[in-house]
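Asks: I'd like to go over a predicted model; first the sequence, then the structure.
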Amino acid sequence: MSEQKPRKSAEKKMPKAFGWMAEYQDEHSLLAAARKVRDSGYTKTDAFTPFPVHGIDEALGIKPTVLPFIVLCAGFTGLGIALLMQWWMNGVDYKYIISGKPFGITPASIPVAFELTVLFSAFTTFFAMIALNKLPKFSNPIFTNPRFDRATNDRFFLYVEATDKYYNRDSVKELLGGTHPDSLDEVLEDTTPSTLPRPILLALLLIVVTGLIPAMIILNMRAGYSTAPRFHVFFDMDFQPKKKTQQPTTIFADGRIMRPQVKGTIARGQLEEQDAFYLGYDPSKMTMLEKSNSVMLVSAQTPSDGNAPVAATKTPDANQTTPAPTVATEAPKLPWIDKLPIEANEESMKLGKLKFETYCSACHGYAGNGDGLVHKRADSLAQGYWLPPTSMHIDRVRIQPVGQIFNTITKGQGKMASYATSLSPKERWSIVLYVRALQRSRDANIEDVPAEFISTLDEEPKSASPKTVSTK
Amino acid sequence: MNLNYDKASIEIPQSWRAKAPILFSAGLILLVIGMACSFLAPATGGDNTPALRYLTHSYLANFVYVFSFTLGALFFILVQFLTRAGWSTSIRRIAEILMTMIPYLAILFVPVLVMLFWGSSALYGWNASAKDMENSVVAAKATFFLTKEFFTIRTIAYFTFWILAGSWFFRLSRQQDESGDTELSMIRQKWAGPLIMIFALSISFAAFDWLMSIDADWYSTIFGVYLFSGSMMGFFAMMIVISMLLQNAGKVQKLITVEHFHDMGKFLFGFVMFWSYIAFSQLVLIWYANIPEETNWYRVRLEGNWELFSYGLIPVHFVIPFLFLMSRHIRRSRPLLLSGAIWVLFAHWYDMTFLVMPNAGSAEFFPMFGHFLGGIGMLCIFAAMFVQRASGVPLVAMRDPRLPEAMSYANPIL
């Protein structure tokens, strides 16, 4: 109600006026005043309140913002980009078979499309809101009035800007005066000097200069060199009374600080490296080989791809009964064991069948022909470029000793992955047993058929099959 | 604030009460005609009871369709008290009336139980005798959980809880109409939390029992939420339709403002999205994992002549209502919001059909036409029950302490 006197300095210099600002005690008077101002036709108005006031937008005559439409467009853009990207990546540019799923847009593309829609919308909302509000704005002439500080606390302000096309200094003053404000002030240009105070300037300069010191030191050190020894802050940490690996010593007679293991030591977790049951070959026979141990060990520890070409060069004389498999090829053979380390009974055969059909049949087929479901699907997709899984019934596999088959399951071969983590050694050996049984089933003599079943056979099979492989 | 209403303006229209018996009879007749249509189904594949299967599946789908509105109402009431909401006070009574329709609708579930004890496995395959069951997984489930006795016990338990909770809240609300005691609001606020937890369990298990066990080999842990999301969506659509019809009949004119319609529209929009999110979540995991016992449920729906229908769910239940209800201007326009709500009511029926009917057999014209008639019949019965239940009850919680807040509520302009 009482109009505050303009400050003396403002009177003297006649600063620029930006409009009128009225102050109110509560939101009801503010809303009433805002409606009055709106009804008088003013549009360049604003209200400042300590909390959101319901209905203020309507009272000020603020039109709905265009922001939602901008966000909608951004959302559709994100959706489109996501779908286009996935169609291009997975459907055109880099077709990659994932669990036999189709290429291009699939239900799995929807989460990514959703995420990009939200991402584009969220960023657009944020930045468009900043832009539409003309932010950032470091100062506003309304801040020059010290009473305005209470806008964040307990007072309500209504501001009519001078840029309004109907603005007239006296009529706006009269209009706002008629709404019974607590105070009514003209918003004036900030006339306080805009230069930085000297102490702050000095402090800033000091900070900048201090900040340069580390950079200068580093530059100096990189450019120059020093002959002085390095300064050791913690001497006893830099020079400790101990020996490191590979260092000489005078303590032991052989002059080495590293001590060999006591004879017969088996390191924790290395028991499995000593036993044919876990390896498929007998490590104790390694020394009897011509080649050095290291070469053998490396070939045993890597996937057994290297054996394949050697086996392929073998004479295709299929009619000849192969003798003991280990001597049949001249490969860099490991001392594969050719006797199953597990008992071949019904239990292990059942286990082997179960595990074979669970893990192996997907590629190798239930009968071991190398025609599993994965092969059929991949063959139809890759159209000739697919390398089929190995059949259990080709010569190369038939002559392999059991230890080598075990090693293939354990280490993997070619595209086949290692199954060591999925199958225990016992299960792997059971599979080997089952594979042997599958091979035998193609190559059986009439003597192998139990007597009570012979009468059920349709016709007499040939007396002797050309190839026999001992299951042992 | 002292609120005085013209008593006639907050009662159900007299003309509606006169029409209720007609509506009820018409609904029953439609239901029967719809069932009769099932008998025109062609018998396929050596199955000599296709009519029985179409008929029972259709009945269950249409029952759950209308029943889900009342479940949505119960949840809505509980949430309003849990959050101490003020905006909804003027529309709350309509939801409360919907909520108290549960005992009436429970009667409509009796035929399903009768059918179980009659020994029919046309709807629930697990009700067949053990030696007839080819599927060992279903046979194992049918030894304890999916037996007709335990199924009935559970169903009675769900209904008991819903009826007790609903009628108790309704009684307190009616007492407040007389006394205006704020303590009655406090009691409901205190108990809304525990009840909502039991509600969540009950609707999940009801969804598992009634709908998921139709294909007892299949399972989806999100299925309860799926039914819940659709129920809430259907409920808000039903609220909008009822409120608008009441206002068009000259009732509750000043109590329900455009702000309330705007808010119900927002909820409707939100639950359209929520349903889509849940439905897609269920699909994408099953699609990606590609495990036979899970994918079979979708295989039935995405093969043969169900394929087009099932893919239709995407535009009908998501794209069209999502894009339509997105705009604030549409949600604030009475005719547009009403048409949106009616569309969503149809979409909810479409979804219920999608959930149940493919298990009955392929989509043949006559059973599906009968199913549609049955759906309209159920809606008629539902409307008659609503009028019956609303008779003699004020359509607004007159002396709720939050009513003034609800009436002065306004959405901010965005």
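Replies: Received the coordinates, thanks.
Asks: what comes up buried for the lowest-mean-pLDDT helix or strand in chain B?
Replies: The least trusted helix or strand in chain B, going by mean pLDDT, DSSP states H and E, turns out to be helix B:136-141, with a mean of 82. Along helix B:136-141, these residues count as buried under the neighbour rule (16 or more other CB atoms under 10 Å in any protein chain shown): B:138-139, B:141. All C-beta atoms are positioned from the backbone trio N, CA, C, and that covers glycine.
Asks: likewise stretch B:87-96?
Replies: Going by 16+ other CB under 10 Å, stretch B:87-96 has these buried residues: B:87-96.
Asks: same question, stretch B:246-256
Replies: B:246-247, B:251-252, B:255-256.
Asks: narrow those to those in strands?
Replies: Among these, no member is found in strands (DSSP state E).
Asks: element containing the residue nearest to residue B:267 when sequence neighbours are not counted, please.
Replies: Distances taken as CB to CB, 6 or more residues apart in numbering or on different chains place residue B:236 nearest to residue B:267, at 4.7 Å, with adjacent residues excluded. Assessed by DSSP states H and E, residue B:236 sits inside helix B:223-248.
Asks: can you classify the residue of the stretch 51-200 of chain A found nearest chain B as helix, strand or coil?
Replies: Here the stretch 51-200 of chain A gets closest to chain B at one residue, residue A:57, 4.0 Å apart by CB to the nearest CB. With DSSP: H, G, I helix; E, B strand; the rest coil as the basis, residue A:57 sits in helix.
Asks: for it, grab the count of nearby residues.
Replies: Around residue A:57 there are 19 other residues, counting by other CB atoms under 10 Å in any protein chain shown.
Asks: give me the distance between it and residue A:38.
Replies: 11 Å (CB to CB, to the nearest Å).
Asks: the residue lying closest to residue B:322 once chain neighbours are set aside: which element?
Replies: Nearest non-adjacent residue to residue B:322, counting by CB to CB, 6+ apart: residue B:272, 5.6 Å away. Residue B:272 belongs to helix B:258-289 when assigned by DSSP H and E.
Asks: can you give me the angle that helix makes with helix B:223-248?
Replies: Interaxial angle, helix B:258-289 versus helix B:223-248 (axes from the mean of the first three to the mean of the last three CA atoms, to 10 degrees): 160 degrees.
Asks: what's the average pLDDT for helix B:258-289?
Replies: Summarised as a single mean, pLDDT over helix B:258-289 is 95.
Asks: again, but for stretch B:120-131
Replies: 84.
Asks: what about it, distance to the chain center?
Replies: Computed by CA atoms, centre = their mean, to the nearest Å, the chain-centroid distance of stretch B:120-131 equals 26 Å.
Asks: could you do stretch A:390-403 as well?
Replies: 40 Å.
Asks: over to stretch B:9-28?
Replies: With CA atoms, centre = their mean, you get 21 Å for stretch B:9-28.
Asks: now stretch B:289-309
Replies: That offset, for stretch B:289-309, works out to 25 Å (CA atoms, centre = their mean).
Asks: buried sites along it?
Replies: Going by 16+ other CB under 10 Å, stretch B:289-309 has these buried residues: B:294, B:297-298, B:300-302, B:306, B:309.
Asks: which members of these are positioned in helices?
Replies: B:294, B:297-298, B:300-302, B:306, B:309 (DSSP state H).
Asks: so is stretch A:379-394 next to chain B?
Replies: No. Applying CB under 8 Å from any CB of the partner chain, one finds stretch A:379-394 separated from chain B by no less than 15.7 Å.
Asks: could you pull out the helices for the stretch 51-200 of chain B?
Replies: B:89-99, B:102-107, B:110-117, B:136-141, B:148-179, B:183-206 (DSSP state H, counting those that start in this stretch).
Asks: what lies in contact with the first one?
Replies: Just to be clear, that refers to helix B:89-99. B:69-70, B:72-74, B:76-77, B:80, B:166, B:169-170, B:173, B:235, B:238-239, B:242-243, B:246, B:252, B:255-256, B:260, B:264, B:386, B:389-390, B:393-397, B:400, B:402-403, B:405-407 (CB atoms under 8 Å, 6 or more residues apart in numbering or on different chains).
Asks: I'm done for today, thanks for sticking with me.
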